[in-house]
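S.K.: no sequence on this one, just coordinates:
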């Protein structure tokens with residue numbers, strides 16, 4: 001990553017809540033400037049995180065939310081949705097539009113600015129990239145697609161000096177997983193399968209991303225880093 005006189009800039013989709021917020025806070029604490037975009041933001045979001053409300057599947061809104069930015073040293077694509085009606089084709093399409101097409105759209109929009117900074121991209125795969133899902137086929141399909149998209153981006157962007165990787169979180173204690181955590185039997189069953197014996201925290205994922213966007217990972221691209229306590233090998 002080239003050295004700039006101003007702090008490096010990270011764009012984080014879904015950066016107002018959950019894991020996205022944890023990533024934003026970690027990088028801000030390391031001296032980065034942050035632009036978080038998405039539909040939701042916690043009421044107590046720190047002032048160090050510049051938040052713009054934006055639907056990442058809306059090209060016009062996305063362009064407007066990022067129009068004032070210069071070189072971008074990191075793009076972290078946390079924004080995703082999970083629905084209860086994913087077996088309905090229209091809902092399936094909506095999930096993929098946000099979870100996959102939205103990832104491609106923001107990366108392509110920022111590609112010249114990532115190249116200018118010699119930056120990197122971190123996408124969000126999931127344990128569901130590897131497993132089927134009884135109730136969330138669109139979410140699972142979208143996360144499988146993120147693995148392929150990440151590898152394609154890594155190949156395509158490399159000649160511009162941009163690295164592209166992904167994290168694949170397992171069971172993380174976030175608002176999205178609250179339903180599973182509130183079901184005592186299901187929570188116990190899931191926890192028993194995790195070799196490390198606990199659910200992850202948003203900070204566990206944030207620290208992995210902190211590595212991937214750092215100079216310590218300067219020779220890492222096209223990698224899917226599981227952050228799941230060993231769940232996927234259990």
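M.R.: Cool, the structure landed. From a predicted model like this one, the values you see are computed outputs, not experimental measurements.
S.K.: residue farthest from the centroid of this protein?
M.R.: residue 185 (28.9 Å; C-alpha atoms, centre = their mean).
S.K.: Tell me which helix or strand that one sits in.
M.R.: helix 184-193 (DSSP states H and E).
S.K.: for residue 25, same thing?
M.R.: Taking DSSP H and E as the criterion, the element that holds residue 25 is helix 18-29.
S.K.: Show me what counts as buried in that helix.
M.R.: For helix 18-29, the buried set under the neighbour-count rule, 16 or more other C-beta atoms under 10 Å, comprises 18, 19, 20, 21, 22, 23, 24, 25, 26, 27, 28. Any C-beta I mention is one placed from the backbone N, CA and C, and that applies to glycine too.
S.K.: quick one: the last one and residue 50 touch, right?
M.R.: Okay, so that is residue 28. No. Residue 28 is beyond contact range of residue 50, at 9.8 Å (criterion: C-beta atoms under 8 Å).
S.K.: Overlap in contacts, these two.
M.R.: residue 34 (C-beta atoms under 8 Å, 6 or more residues apart in numbering).
S.K.: What count of nearby residues applies to residue 73?
M.R.: Using other C-beta atoms under 10 Å, residue 73 is surrounded by 23 other residues.
S.K.: Next: residue 69.
M.R.: When counting by other C-beta under 10 Å, one arrives at 14 neighbours for residue 69.
S.K.: do the same with residue 52
M.R.: Neighbours of residue 52 using other C-beta under 10 Å come to 18.
S.K.: same thing with residue 31?
M.R.: 8.
S.K.: isn't it right next to residue 7, touching?
M.R.: Yes. Here residue 31 reaches residue 7: they are 5.4 Å apart, a contact under C-beta under 8 Å.
S.K.: Surely residue 45 touches residue 12?
M.R.: No. The pair residue 45 / residue 12 is not scored as a contact, 11.6 Å apart, by C-beta under 8 Å.
S.K.: between the two, who's got more neighbours?
M.R.: Ranked by neighbour count (other C-beta under 10 Å), residue 45 and residue 12 place residue 12 first, with 29 against 17.
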